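[1] What shape does this take:
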Amino acid sequence: MKSQPSREAIGRIPLITDAGQQRLVWLTEHPHAPRYTHPGYNRLTAEGLRRTRAFADEIKFSPPRWGSGQTPIWLDDFVERCFRDVPFYHGYGDRPTNFFDVPTCDRSDLGRAPWAFVPDTQSLDDLIVYNTSGTTGHPLDILTHADTLAMYVPLLQAALALHNLTLEGGADRVALAYVGFQKTTYTYATVMPLLDQAGFVKINLNPDEWRDSADRAKFLDDCNPLVYTGTPVAFAELAKLPLTTRPRALASTSMTLTPALAQSLETHFGCPVLDMYSLNESGMVSVKVSSVMSSDDVPPSTFHLLQPHLYVEVLDSEGQPCASGEHGEITLTGGFNPCLPLLRYRTGDYAALEFIGQQPILMGLEGRPPIVFRTRAGQPINNIDISIALRHLPIAQYALHQSADGALRMKVHDASAALEEIRLLLLALFGAHQALTIEETKALDLPGGKLIQYTSDLQ
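    All right, here's what the predicted structure looks like:
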């Protein structure tokens, strides 16, 4: 007898079908399933489904395009709406004639009053409040909409397409599995109407969240997801499981993914590892495309922009646009979240913006503000130099701090490379007499499983 969608399931997933209900029951009642901590939702509406499919077409046929010193054609109307409809931007006063004279804002502004970024014209029906600690450890409320969340799927599909991969749907499969590795986090199962009722699971690989630690591999093998998404730390843990199935791709969506770890994961799983630059405030911004996938006139290891209506600037410390190829702070305007229209939003992440004709690309993405360390003799050591020195080591996560007395303390999670090799590389940069302590940490001992990679008391 076919499983009919229950009233409770329809309340959580309005577009669920009979086949979707069967997939949902399979995920929630699987004998090796984790102890889910949250009911699974997918509140996509029929209108949202139409909008999301239109968004997918826009990504495919209208990719981000503008030249150096230029702005995209849609920008003027967007800025006009922001000054007219958004309470926060009302505080700027009259709209400047020149876009580059519009003030910038940042995470602190959003953290103080997230509601002030919601346009007066935006309906509050189906409003969702998403709380995140981010990579800085400072909580932030992101106001969004149920339909908006579905738009992550076509962005992921666009990133996969750059690697000649597809993401199909269907109630006969689990399309996506998000894996975390934390002390505690929300976990759930749902189905995705946008992918024809395909299953989705968000799980925590912490053995304490399962009835039996062996259930992790058994459940994931039975799910056999087409794509895994998650953090480098979670992927390092995933690689330890005795999985017999292999996905089409892994998509790393937060934290720094070192080239060595990416290569190690690609070898282990036999599939590409996508390095995604994504923020909760904006969604997926770009994906790294290696020299293997790039055309002859595109430099290797570039980050290709994904969103048609997201304008990316790189600004210096004075808020002025950097020259092409010069590193600065990534600043965003636009986005697809109607509850959070971004207008010159400084992300706290750093890269250089370059152009291949009309195609903007990000180079040298670091993901946090530049930090200058000092040797005992006072010689400056840029954090980029440290990243380059360690990039060939398959380290899932690390953090380096310099105290006021100049001593270095490094925390390393899941370093399959010998700690002594890390020590030798750092001493080669800082000098043989540099005070240096290196310790291994467990991701489960960290708030949210996150580290801030570079910090210094000498700044």
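
[2] Do I have it right that P247 meets V227?
    Yes. Contact criterion Cβ atoms under 8 Å: P247 and V227 qualify, at 5.6 Å. For every residue, glycine as well, the C-beta is placed using N, CA and C.

[3] Show me which strand runs longest in the chain.
    Counting residues, the longest strand in the chain under DSSP state E turns out to be strand 342-356.

[4] Spatially nearest residue to I381, not counting backbone neighbours?
    F373 (4.4 Å; Cβ to Cβ, 6 or more residues apart in numbering).

[5] In contact with the one you found, which residues?
    Contact analysis of F373 by Cβ atoms under 8 Å, 6 or more residues apart in numbering lists P380, I381, N382, N383, I386, L400, Q402, L408, F430, Y454, S456, L458.

[6] For H38, state which of these is nearest.
    Y454 (33.3 Å; Cβ to Cβ).

[7] who's in contact with that closest one?
    R368, I371, F373, N383, I386, A399, L400, H401.

[8] partners of it in the sheet?
    Beta bridges link Y454 to L400 when assigned by DSSP bridges.

[9] I'd say V129 and L143 touch.
    Yes. At 5.9 Å, V129 and L143 qualify as touching, with contact defined as Cβ under 8 Å.

[10] quick one: which of the contacts of F373 sit in strands?
    P380, I381, N382, L400, Q402, L408, Y454, S456.

[11] what's near enough to touch the fifth one?
    Spelled out, it's Q402. F373, R374, L408, R409, T455, S456, D457, L458.

[12] Over to the first one?
    Each residue near P380 by Cβ under 8 Å, 6+ apart is listed here: V372, F373, R374.

[13] between these, which is closest to E80?
    V372 (40.5 Å).

[14] What sits closest to F336 if chain neighbours are left out?
    F336 sits nearest to M151 (Cβ to Cβ, 6+ apart), 5.2 Å away.

[15] Check R95 too.
    F83 (4.3 Å).

[16] who does the host helix or strand of the residue nearest to I381 pair up with?
    Applying DSSP states H and E as the criterion places F373 in strand 372-374. As defined by DSSP bridges, the strand partners of strand 372-374 come to strand 380-382 (antiparallel).

[17] Now do the strands in the stretch 51-200 of the chain.
    105-106, 127-132, 140-145, 174-180, 188-192, 198-204 (DSSP state E, counting those that start in this stretch).

[18] how many other residues sit next to N164?
    8 (other Cβ atoms under 10 Å).

[19] which helix of this protein spans the most residues?
    helix 46-61 (DSSP state H).

[20] what domains does the record give for the chain?
    Split into domains by automatic domain parsing, the chain comes to 7-76+106-306+357-363, 372-456.

[21] TSV for those, including mean pLDDT and distance to I330?
    Shown next, in TSV, are the domains of the chain (pLDDT from 0 to 100; distance: least, Cβ to Cβ, whole Å):
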stretch	mean pLDDT	distance to I330
domain 7-76+106-306+357-363	90	7
domain 372-456	81	15
